[in-house]
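Asker: Everything below, folded, please.
(one chain, ligands or ions: 1)
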Amino acid sequence: MMGFLQLFIVLTSYTVVAKAVHIPIVKDATFDSRCSQLLQQLANGFKPHIQFACECLITDLQQTTTDLNGQISTLQQEASSLTAQMVIAQQNLATAVQQVNAVCPDTSALQASCSNSNYHFEQSADGCTAICFLIGASSVNYAAAEAVCAATGGALITLDNLKKNALMIDTIRTSTLKDRSFWIGLKFVNNNWVWQANGNQVTFTDWANGEPDEPNPGLQQNCGSLNRVQQHRWFDRGCSFTTANVALCEITM
Ligand SMILES: [Ca+2]
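Answerer: All right, here's what the predicted structure looks like:
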């Protein structure tokens, strides 16, 4: 009888302790290894073993806490390292973007502007060169072509570099435009060929073979064009000529 009474008292005590502590007992391998003695000692007596059970759990929790703290410390170090690497990567990215922009201008603003007009947007394969252009509806002289462009918010096109010139001429050659001839924003002024949109004298040129054969005081071929006969390389032509050329206008940013 005394044995049953003792068992009842001890079991009641153990239940009270377990409920008071509210420790979840996970019966995994570690628990079994550390606390295997507990089960054996519970078979032999109770009060000392309840204390041992608590010590066992506390030891487990302490070890787990130590392990977690170690992992937290490691993760914090890794996070710190990654943050430093991210800062460096962001700096490198910013530098790279600046370098790319330096050689490859952003054409998105021009494209956005072009979508709100009757102009056409054309971009080179590498995305670095773009034009927003409009083809006049009818053959006119140079002054009338300038007026066509001005009326639509643009100007006769400036082809002052190799890439832009190539993009425009390739666009013409690979479309129905190849059968047309065009006025461009190039004019012979004070013995110099000058881009009308910015007043700059030509540096890059793409004259067709034998051109400019004039200007000369007699014929006054003082206006630049892209002539279909010369595969749209540059051609100087009399500014009053009205029977072939249409305006080639552009909008720039
Ligand atoms: Ca000529």
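Asker: Run the chain-centre distance for the lengthiest helix in the chain.
Answerer: If you go by DSSP state H, the chain has its longest helix at helix 47-103. From the chain centre to the centre of helix 47-103 is a distance of 31 Å (C-alpha atoms, centre = their mean, to the nearest Å).
Asker: burial of residue 158, as a residue count?
Answerer: 20 (other C-beta atoms under 10 Å). In this view, the C-beta of every residue, glycine as well, is placed from N, C-alpha and C.
Asker: ok and the residue in this protein nearest the ion?
Answerer: residue 236 (4.2 Å; C-beta to the ion).
Asker: Which positions in this structure make contact with the ion?
Answerer: 213, 221, 236 (C-beta under 5 Å from the ion).
Asker: Which of the residues you listed sits closest to residue 84?
Answerer: Nearest to residue 84 out of the residues of the chain next to the ion is residue 236 (C-beta to C-beta; 61.8 Å).
Asker: how about that closest one, secondary structure?
Answerer: Assigned by DSSP: H, G, I helix; E, B strand; the rest coil, the conformation of residue 236 is strand.
Asker: Counting neighbours, what do you get for it?
Answerer: For residue 236, using other C-beta under 10 Å, the count is 25.
Asker: could you list every residue that touches it?
Answerer: 188, 211, 212, 213, 214, 215, 221, 222, 223, 224, 225 (C-beta atoms under 8 Å, 6 or more residues apart in numbering).
Asker: Need the residues you listed in JSON lines (columns: distance to residue 151, pLDDT and secondary structure).
Answerer: Below are the contacts of residue 236 laid out as JSON lines (distance: C-beta to C-beta, whole Å; pLDDT from 0 to 100; DSSP: H, G, I helix; E, B strand; the rest coil):
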{"residue": "188", "distance to residue 151": "24", "pLDDT": "93", "secondary structure": "strand"}
{"residue": "211", "distance to residue 151": "29", "pLDDT": "91", "secondary structure": "coil"}
{"residue": "212", "distance to residue 151": "28", "pLDDT": "90", "secondary structure": "coil"}
{"residue": "213", "distance to residue 151": "32", "pLDDT": "84", "secondary structure": "coil"}
{"residue": "214", "distance to residue 151": "29", "pLDDT": "70", "secondary structure": "coil"}
{"residue": "215", "distance to residue 151": "27", "pLDDT": "59", "secondary structure": "coil"}
{"residue": "221", "distance to residue 151": "26", "pLDDT": "89", "secondary structure": "coil"}
{"residue": "222", "distance to residue 151": "23", "pLDDT": "92", "secondary structure": "coil"}
{"residue": "223", "distance to residue 151": "19", "pLDDT": "95", "secondary structure": "strand"}
{"residue": "224", "distance to residue 151": "20", "pLDDT": "96", "secondary structure": "strand"}
{"residue": "225", "distance to residue 151": "20", "pLDDT": "97", "secondary structure": "strand"}
